[in-house]
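Have a look; sequence and predicted model below, questions after that.
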Amino acid sequence: MKVLIADDDVYTREGLVESIDWEDYGVSEVLQVEDGAEALRKATIHRPEIVITDIRMPKLNGIEFAERLVAACPDSKVLFISGYMDVAYLKSAIRLAAVDYVEKPIKLPEMEEAIRKTIRFIQQERERHVLLDQKLELERTKLANVLRTQSLGGDEIRRICDAARFPADVSYVCLVVSRWDQEGQGWAITSPNDNDWGTYAPAVLTEQLDQNRQLMIVPLCSPNERGAVLHAAERLCGSGREIRIGVGSVVSHLDEVPRSFHESELALELIFFRHRTSIIVYDKSSWIPYMIKGDIYLEFYHYLKQSPNELTGWMESFCDRLMNGGYMPRTRVMSWILSFAHAMLSERGGVLLTTGKVYQFQEIENHLNACRSMQEVKQFILSICHAYQKEAEEVSPYSHVVRTVLCYISRHCSNADLDIREIADHVHLSAAHLGMLFKQETGTTMKQYLNDYRLELAKRLVAGEHFKMADIARMCGYASPGYFTKVFKTSTGLTPVEYRKKRCG
């Protein structure tokens with residue numbers, strides 16, 4: 001706390017400085033001046049919390065100085081001293097809201113009590129400001145949530161806008177911000193004040209959406225101002241922190257804020273798939289959802305079972321398609337990748353030991369969730385593919401003919417009419433001769449293998465939540481959903497629906 005003493009009498013000034021133990025009052029610096037003009041200049045520079053001023057001084061008297069001080073330094077509190085109890089001066093002091101008035105000759109106890117009174121007044125005012133700021137912040141946080149969800153009517157929203165000092169009749173743009181903590185402890189939410197947002201900073205509404213994301217609602221005087229907001233966002237991304245920002249469209253009304261928010265979420269989601277991209281602005285004209293074909297798992301399962309030497313190349317192509325395609329929900333993609341990883345680890349337990357990345361089956365999902373981009377997901381799943389391919393190459397016991405049969409079955413199992421003759425024709429052998437070779441190497445008949453393959457594939461598809469039961473029946477080559485349910489229950493003791501509920505909890 002700083003104190004400024006303004007008095008043309010040097011003995012009065014020095015007496016106050018030396019007689020009062022200022023440190024006891026929390027005062028770190030006491031400034032002295034001998035006239036009103038110099039007092040105003042120093043007060044403007046040093047912004048003292050308490051100003052003790054004589055009323056009669058050269059150049060500017062105490063009242064004139066105090067009038068200008070109130071305009072220049074409204075937080076400074078004035079304490080008048082004077083040897084003249086002039087009624088006009090007293091009225092001026094009251095008008096200027098002086099905290100106290102001490103007569104000369106100054107009695108030390110009276111001055112110390114006046115100082116204590118002034119300090120109490122300052123503390124009370126600070127506490128009041130803190131409470132008002134907290135109330136304002138609560139109103140602003142509430143408003144951000146209400147605007148995002150439109151959970152209240154228009155009149156109530158406008159009332160909260162007034163209470164939160166937020167403009168209700170301008171344009172708006174939403175940004176969703178995520179920042180990765182450099183220490184790897186998770187996501188750290190940023191603040192608009194962390195960066196130079198210029199005139200926007202005081203007006204920006206923020207809401208912490210979850211541990212990972214923060215919403216910013218920025219009011220704009222005109223739609224053309226979005227460029228300035230984007231420039232501020234770019235500076236934020238260039239501040240040395242791993243920050244990602246999705247930006248929605250500019251909207252013209254409060255009730256359109258949810259649309260801008262949803263678009264900013266979509267934009268942020270797409271950044272996950274774009275390597276080395278920090279900001280994406282939603283553009284409806286180029287926002288095309290990326291569709292993965294329903295038989296993608298069949299493709300994967302084919303390479304898993306019959307062409308493991310090609311699995312890594314297929315997985316790399318699949319990941320590249322995701323990274324270069326249109327929008328697709330990250331949760332859906334991660335579900336696919338997790339299913340692929342589980343299938344490989346279930347098929348070849350030794351993969352766990354050779355990846356060098358995960359050591360327990362349960363760690364896979366945690367590792368995937370920790371990935372900050374699709375590029376990192378790609379690297380992780382490819383490491384599992386490499387390990388799977390290496391182990392598969394070491395243990396493959398079958399001849400070229402049998403491997404060809406296995407490959408053909410995996411590619412065509414969705415054909416309900418697939419039979420032994422068709423497979424035999426494909427390898428240019430008679431059905432009888434091929435059946436004998438197949439059983440010698442595998443220990444089972446081709447028909448039984450085909451049935452087992454279809455059932456195992458069906459179990460994996462049912463265990464997920466991506467497909468309807470009728471689609472699974474078709475994809476696995478069952479003639480009808482009813483027949484599929486009958487075969488499935490005979491094998492597992494559960495209907496497909498019961499099996500899914502049991503596996504998915």
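Okay, I see it. Small disclaimer: the values here were computed from a predicted structure and weren't measured.

Could you check the pLDDT of residue 238?
pLDDT for residue 238: 73.

Please read the previous query as pertaining to residue 22.
92.

quick one, longest helix in the protein?
Criterion DSSP state H: the longest helix present in the chain is helix 108-149.

Now do the helix or strand just after that helix, average pLDDT.
Going down the chain from helix 108-149, the next helix or strand is helix 154-163, by DSSP states H and E. For helix 154-163, mean pLDDT rounds to 89.

Over to stretch 423-442?
92.

Name the surrounding residues that touch it.
Stretch 423-442 is touched from outside by 397-399, 401-402, 404-405, 408-409, 420-421, 444-446, 449, with contacts defined as CB atoms under 8 Å, 6 or more residues apart in numbering. Where C-beta positions appear, they are placed from N, C-alpha and C, glycine not excepted.

what do you get if the cut-off is 6 Å, keeping everything else the same?
Here stretch 423-442 makes contact (CB atoms under 6 Å, 6 or more residues apart in numbering) with 398, 401, 402, 404, 405, 408, 420, 421, 445, 446.

So which elements touch the longest helix of the chain?
strand 77-82, strand 100-103, helix 154-163, strand 205-208 (3 or more CB pairs under 6 Å, 6 or more residues apart in numbering; DSSP states H and E).

Could you provide those in CSV, with additional columns for distance to residue 503 and mean neighbour count?
Shown next, in CSV, are these (distance: least, CB to CB, whole Å; neighbours: other CB atoms under 10 Å):
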stretch, distance to residue 503, mean neighbour count
strand 77-82, 71, 23
strand 100-103, 78, 16
helix 154-163, 45, 14
strand 205-208, 35, 20
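
In JSON lines: these, plus distance to residue 253.
Shown next, in JSON lines, are the helices and strands packed on helix 108-149 (distance: least, CB to CB, whole Å):
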{"stretch": "strand 77-82", "distance to residue 253": "45"}
{"stretch": "strand 100-103", "distance to residue 253": "52"}
{"stretch": "helix 154-163", "distance to residue 253": "9"}
{"stretch": "strand 205-208", "distance to residue 253": "15"}
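
Let's see stretch 424-435 as PDB, backbone CA atoms only.
Extracted C-alpha coordinates of stretch 424-435, given in PDB (Å, rounded to 0.1, in the frame of the first residue of the first chain):
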ATOM      1  CA  ALA A 424     -12.800 -76.200 -55.100                       C
ATOM      2  CA  ASP A 425     -13.300 -74.600 -58.500                       C
ATOM      3  CA  HIS A 426     -11.300 -71.500 -57.300                       C
ATOM      4  CA  VAL A 427      -8.200 -73.600 -56.500                       C
ATOM      5  CA  HIS A 428      -8.800 -75.900 -59.500                       C
ATOM      6  CA  LEU A 429      -9.200 -79.100 -57.500                       C
ATOM      7  CA  SER A 430     -12.000 -81.600 -57.100                       C
ATOM      8  CA  ALA A 431     -14.200 -81.100 -54.100                       C
ATOM      9  CA  ALA A 432     -13.300 -84.500 -52.800                       C
ATOM     10  CA  HIS A 433      -9.500 -84.100 -53.200                       C
ATOM     11  CA  LEU A 434      -9.600 -80.600 -51.700                       C
ATOM     12  CA  GLY A 435     -11.700 -81.800 -48.800                       C
END
